[in-house]
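Undergrad: Here you go, sequence then predicted model.
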Amino acid sequence: MTAINPILPGRLLWSGEHWICFLRAPGTGKDTARVSLYRSHYSPAGEGHVAFVAVPGRLEAILTDNRAFLEFVRETMFRGKASPFAPCLPVVDADFRRGGELSESPSWNLETRDHHLNVTWTRLEPPAVAYRDDPELQSRRPVFTVLFFCRDALVLLDGRRIDGAPYPRSIWREALGGGDRSSCVFAIAETMIRPTD
């Protein structure tokens, strides 16, 4: 019997978390809030946070505490992909604090000089563990991730609740297979590699 090598070939590119919260007013087809937050544990740009935020008419910006990590996110997560965010958002320095229990209602508090944004994920579904063993997929998506889809979420901007609720998104079909999944989800232990040729 041939032993299986447990070490994946390739170079570790990043390991961290990705928190997504897209809310939509029922029956409108328009998002009332979009937040896509990356937290880096390991990357060529070091540790840090980047949050793409769009609350139309109130706050549309990229918040970060590590501008080098922002450039890394742009190059690896967004290159060649359609983005739900405007292409020329202003970059704003921010402080990031996580709160709540990961298994119940985790939250993020983002503070800038002018705004306070709080996002909370609630009514969590059981975690989905995904591993991709196809080298072609590994070159484009995380090799490994643990996803918590959520049936509800709360966004507060400067103390005011943003109207809206999670809705089904089709993007998860290609990534995970199956049907549509919630627009509010967070990924822990997300890991990307650059496969060897």
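TA: Everything's here; your move.
Undergrad: Centre of the chain to stretch 108-121, how far?
TA: Centroid displacement of stretch 108-121 relative to its chain, using CA atoms, centre = their mean, to the nearest Å, is 15 Å.
Undergrad: hang on, I meant stretch 95-114
TA: Distance of stretch 95-114 from its chain centroid, counting by CA atoms, centre = their mean, is 14 Å.
Undergrad: start to end distance for that stretch?
TA: 12 Å (CA to CA, to the nearest Å).
Undergrad: what comes up buried for it?
TA: Within stretch 95-114, the residues scored as buried using 16 or more other CB atoms under 10 Å are 96, 105, 106, 107, 108, 109, 110. For every residue, glycine as well, the C-beta is placed using N, CA and C.
Undergrad: Now do the strands in the chain.
TA: Assigned by DSSP state E, the chain shows strands spanning 11-24, 31-42, 48-55, 59-64, 91-93, 95-99, 107-111, 116-124, 128-131, 144-157, 160-161, 168-169, 181-182, 184-194.
Undergrad: worst-scoring helix or strand of this structure, pLDDT-wise?
TA: helix 135-138 (a mean of 58; mean pLDDT, DSSP states H and E).
Undergrad: Show the model's pLDDT score for the closest residue to residue 97 other than its chain neighbours.
TA: Among residues not flanking residue 97 along the chain, residue 109 sits closest, at 4.6 Å (CB to CB, 6 or more residues apart in numbering). The model reports residue 109 with a pLDDT of 98.
Undergrad: Could I get the contacting residues of residue 109?
TA: 96, 97, 98, 99, 116, 117, 118 (CB atoms under 8 Å, 6 or more residues apart in numbering).
Undergrad: Can you show me the CA trace of stretch 162-171 as CSV?
TA: Output of stretch 162-171 as CSV, limited to C-alpha atoms (Å, rounded to 0.1, in the frame of the first residue of the first chain):
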residue,chain,number,x,y,z
ILE,A,162,-29.7,49.5,8.4
ASP,A,163,-32.9,48.0,7.0
GLY,A,164,-32.6,44.7,5.2
ALA,A,165,-32.1,40.9,5.5
PRO,A,166,-29.9,38.2,4.1
TYR,A,167,-30.9,36.7,0.8
PRO,A,168,-29.9,33.7,-1.4
ARG,A,169,-26.8,34.2,-3.6
SER,A,170,-25.9,31.9,-6.5
ILE,A,171,-22.1,32.5,-6.2
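Undergrad: Let me see the mean pLDDT of it.
TA: For stretch 162-171, the mean per-residue pLDDT is 90.
Undergrad: Name the residues that touch it?
TA: Contacts for stretch 162-171 (CB under 8 Å, 6+ apart): 21-26, 31-33, 55, 150-153, 155-156, 179-184.
Undergrad: Going through those, which ones are buried?
TA: 21-24, 31-33, 55, 150, 153, 155-156, 181-184.
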